[in-house]
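In: my questions concern the predicted model and sequence given below.
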Amino acid sequence: MLIEFSVANYRSFRDKVTFSMVASSLKEKNAELNETNLFAAHGRLRLLTSAAIYGANASGKSNLISAMNFMRRFVIYSANIREEEDSEEIDVEPFRLSTETDTEPSFFEAVFVVKDRRFRYGFEATAERVEAEWLYVAPKARESKLFEREGDGITLGEKYRTEGRDMAMRTRPTALFLSVCAQFKGRIAEEVLDWFRSLGIATGLMDIGMRKFTERMFRDKDSAEAIEALLTQLDLGIKAVRLENVVVPAPNVQPLRDDAPEDMRRLHGEVRKMESARTVFSEVADFNLDEEEVVRTVHRKTGEGDGPEMDELFDLDKDESEGTKKLFSLSGPLVDTLRRGNVLIIDELDARLHPLLTKEIVRLFNDPVRNARHAQLVFAAQDTDLLDNRLLRRDQIWFVEKDRQGASYLYSLAEFKVRNDATYEKDYIHGRYGAIPFLGGMRHVLREQE
């Protein structure tokens, strides 16, 4: 369960911002939302089942999700870099519009619940090294230190001395101490790493990872039935889904002539890299690059007169709409997240989807019956139809906006003095909450072109 996430000096975020899934004490006019859209976790803590992030284009919404994704990847993989690759830089991206942040480390911190214990884990890193790292745990209310790292020095708390012993000497400057401890089977570190592994993050409009994940879920009969039930519920006209394996010929990459153009040489090199990474990619992603699965959707075909109905097979990629393709890709992560009680974070959730379908996806997480394991959904969107006081509480709505220096900052609708019966969508469009594009100069631009 995600409690909060903080980031600073990363992409468009210069100063520290904190995104929180903690429910406020505000009461909504729709009293049902005070029960359905939150749940009790870790003592008296109440967490939200879903949260929406709004803002103008280029405001920083995607950068917030990118920051979560960077933290997840670095935690999972930083210890896996081979010694001969130690000279490679950490691919962190600091805020670039201020000279003050050029040499400062980027900051990442997540607070979350694992097995009824609250953890607070974070680190600071530059391209060259991890500057700081920390892990705290709170079995009840009081927080205690497991370890702290400052530069090359690592101090262990009493509860972490056995697990963390001798791990400092195994930790490279570009690796996280937590990742190294997990690599050597440290129990607490593995639990924390497993939480990061369970985070489902989809960035960008075209996420092949979600599609492949959904296809893999069809190997399990129960999962396949759950996905088909969800697609049927979303009224896509799909009766069932079938997958067929098709062999893909391996590319034949021939050596280039010595006088080949430089840009062709670069492209050739990238193709060779992809070819050499085939087995590694197959192992990590758990699917075979020598095969691809063709997804067939089954539709009802009516017979003549009172004749019986028949099945008609459609090719998902050739015959279905872009929205249907996206819903198929989303269906696997949605079903898996709800089943396991995990956290799912999606950028541009509403892209290519009808507003009613997007609302129904959000309702899946706000429904205590369908979301019995308290899964959480965090999503960025542009569709203002979701700013509905019958769907979301005020503390479930977040905004990202940039200041005059190009730095993004984050704030919640709960910070405004807003009546609980306000029309959030109308007020947002009228600029009451900010985080909308300023288009005042467009009229003058068009006049100049006349």
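Out: Yes, it's here.
In: show me where the stretch 151-300 of the chain has helices.
Out: Taking DSSP state H, counting those that start in this stretch as the criterion, the stretch 151-300 of the chain carries its helices at 161-164, 177-183, 187-198, 208-217, 221-233, 262-276, 278-285.
In: next, count neighbours for Glu35.
Out: Neighbourhood size, Glu35 [other C-beta atoms under 10 Å]: 9. For every residue, glycine as well, the C-beta is placed using N, CA and C.
In: how about the one 10 residues further on?
Out: For Leu45, the count of nearby residues is 16 (other C-beta under 10 Å).
In: so it sits right up against Leu38, yeah?
Out: No - using C-beta atoms under 8 Å as the test, Leu45 is too far from Leu38 to be in contact (10.1 Å).
In: give me the nearest residue to Asn211, chain neighbours excluded.
Out: Residue 211: Arg, not Asn. In space, and not counting its chain neighbours, Arg211 is closest to Ser329: 4.3 Å by C-beta to C-beta, 6 or more residues apart in numbering.
In: where does the stretch 101-250 of the chain dip in pLDDT?
Out: For the stretch 101-250 of the chain, the stretches with pLDDT under 70 are 204-207, 247-250.
In: need the CA coordinates for the helix or strand where Glu124 lies. CSV is fine.
Out: Element membership for Glu124 (DSSP states H and E) is strand 117-125. Provided in CSV are the C-alpha atoms of strand 117-125 (Å, rounded to 0.1, in the frame of the first residue of the first chain):
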residue,chain,number,x,y,z
ARG,A,117,4.6,-2.4,8.9
ARG,A,118,5.2,1.1,7.7
PHE,A,119,8.5,1.6,5.8
ARG,A,120,10.1,4.9,4.8
TYR,A,121,12.8,4.4,2.2
GLY,A,122,14.7,6.9,0.1
PHE,A,123,17.9,8.0,-1.5
GLU,A,124,19.8,10.9,-3.0
ALA,A,125,21.8,10.4,-6.2
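In: tell me the helix or strand right after it.
Out: Moving toward the C-terminus from strand 117-125, the next element (DSSP H and E) is strand 130-138.
In: name the residues of that following strand that are buried.
Out: Neighbour counts over strand 130-138 (16 or more other C-beta atoms under 10 Å) mark 130-131, 133-138 as buried.
In: widest-spaced pair of those?
Out: Farthest-apart pair in the buried residues of strand 130-138 is Glu131 and Ala138; separation 24.7 Å (C-beta to C-beta).
In: quick revisit: would it be right to say that the residue nearest to Arg211 lies in a helix?
Out: Yes - using DSSP: H, G, I helix; E, B strand; the rest coil, the assignment for Ser329 is a helix.
In: go ahead and flag the most central residue of this structure.
Out: Ile201 (2.3 Å; C-alpha atoms, centre = their mean).
In: in the sheet, who's paired with that residue?
Out: Under DSSP bridges, the beta-bridge partners of Ile201 are Ile345.
In: surely it and Ile345 touch.
Out: Yes - contact criterion C-beta under 8 Å: Ile201 and Ile345 qualify, at 4.6 Å.
In: common neighbours of the two, please.
Out: 65, 68-69 (C-beta atoms under 8 Å, 6 or more residues apart in numbering).
In: return the members of these classed as buried.
Out: 65, 68-69.
In: circling back to that earlier point, list the neighbouring strands of the strand holding Glu124 plus their orientation.
Out: According to DSSP bridges, strand 117-125 forms sheet pairs with strand 106-114 (antiparallel), strand 130-138 (antiparallel).
In: could I get the ones you listed as a markdown table with distance to Gly164?
Out: As requested, the strands paired with strand 117-125 are exported to a markdown table (distance: least, C-beta to C-beta, whole Å):
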| stretch | distance to Gly164 |
| --- | --- |
| strand 106-114 | 18 |
| strand 130-138 | 9 |
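In: for Ser408, find the nearest of those.
Out: Closest to Ser408 of these is strand 106-114 (C-beta to C-beta; 13.8 Å).
In: next, the buried residues of the closest one.
Out: Under 16+ other C-beta under 10 Å, the buried positions of strand 106-114 are 106-114.
In: from the residues you listed, which is closest to Ala58?
Out: The closest of the buried residues of strand 106-114, once distances to Ala58 are taken by C-beta to C-beta, is Ser106, at 19.8 Å.
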